[in-house]
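In: Curious how this folds, go ahead:
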Amino acid sequence: MIYLDLFLGFLKVGCFAFGGAYGAIPLIRDVVMSYGWLSDEMLTYMIAVSESTPGPIMVNLATYIGSSQAGFLGAVIATLAVVLPSFLIILLVTALLKTALKNKYVQAILRGLKPCVIGIVLATGIYMMMGNCFGTLFAIKVNVRSLIITVLLFASMFGYKYFAKKKLSPILLIVISAIAGIIVY
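Out: Numbers count the residues shown, from 1 in each chain. Below you'll find the predicted structure:
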């Protein structure tokens with residue numbers, strides 16, 4: 001039964017995750033919480049680990065959650081389920097690409113999805129930051145260590161942009177956060 005749950009849960013994520021991995025995090029959180037596979041805190045840690053390891057976040061999360069719930073076979077099933085819709089859509093899109101992209105309705109749909117994806121990514125980032133720094137709405141608890149790291153990352157990002165006149169590399173932000181995590185924790 002766990003194999004079917006993993007397959008259907010991550011198939012749902014794969015089918016409705018528009019905008020890439022960051023847009024999929026709320027869906028993954030919903031599926032994981034509805035099945036009770038991980039705690040919210042453990043899922044947040046896994047998102048951070050999945051973000052900093054090579055490969056797509058969605059695939060890394062599916063693989064970890066599948067492995068933690070049903071071993072190697074669970075990892076394979078969850079991973080296949082999360083990538084199956086994208087694989088099939090890419091096959092279909094490549095067959096219809098030339099004519100579909102010229103269609104004004106397809107272009108309108110894609111332009112309409114952009115603000116939605118931006119909003120989902122922004123809301124997820126704010127939710128994760130607030131949850132890690134200040135706890136939940138029902139159990140407000142300031143985590144000073146997380147707050148220090150968050151402020152340090154914001155200061156690094158904006159300070160670098162101000163002085164170097166260019167954006168700070170996401171890789172460098174990950175390295176800074178890892179070093180800060182080692183020092184603070």
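
In: Contacts only, for residue 146.
Out: Residue 146 makes contact with 132, 133 under the criterion CB atoms under 8 Å, 6 or more residues apart in numbering. For every residue, glycine as well, the C-beta is placed using N, CA and C.

In: Pull the distance from stretch 49-69 to the chain's centre.
Out: 10 Å (CA atoms, centre = their mean, to the nearest Å).

In: Equivalent analysis for stretch 122-138, please.
Out: Worked out by CA atoms, centre = their mean, stretch 122-138 lies 14 Å from the chain centre.

In: same thing with stretch 48-64?
Out: With CA atoms, centre = their mean, you get 8 Å for stretch 48-64.

In: And for stretch 23-35?
Out: 10 Å.

In: and what of stretch 74-92?
Out: On CA atoms, centre = their mean, the centre of stretch 74-92 falls 16 Å from that of its chain.

In: Dump it to PDB, keeping only the CA atoms.
Out: What follows is stretch 74-92, C-alpha atoms only, in PDB (Å, rounded to 0.1, in the frame of the first residue of the first chain):
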ATOM      1  CA  GLY A  74      10.100   3.300  -2.500                       C
ATOM      2  CA  ALA A  75      12.800   5.700  -3.700                       C
ATOM      3  CA  VAL A  76      12.600   4.400  -7.200                       C
ATOM      4  CA  ILE A  77       8.800   4.500  -7.300                       C
ATOM      5  CA  ALA A  78       8.500   8.100  -5.900                       C
ATOM      6  CA  THR A  79      11.200   9.300  -8.200                       C
ATOM      7  CA  LEU A  80       9.600   7.700 -11.300                       C
ATOM      8  CA  ALA A  81       6.200   9.100 -10.300                       C
ATOM      9  CA  VAL A  82       7.400  12.700  -9.900                       C
ATOM     10  CA  VAL A  83       9.300  12.700 -13.300                       C
ATOM     11  CA  LEU A  84       6.700  10.700 -15.300                       C
ATOM     12  CA  PRO A  85       4.300  13.600 -16.100                       C
ATOM     13  CA  SER A  86       7.200  15.900 -17.100                       C
ATOM     14  CA  PHE A  87       8.700  13.200 -19.300                       C
ATOM     15  CA  LEU A  88       5.400  12.600 -21.100                       C
ATOM     16  CA  ILE A  89       4.700  16.300 -21.500                       C
ATOM     17  CA  ILE A  90       8.200  16.900 -23.000                       C
ATOM     18  CA  LEU A  91       7.600  14.100 -25.400                       C
ATOM     19  CA  LEU A  92       4.300  15.600 -26.500                       C
END
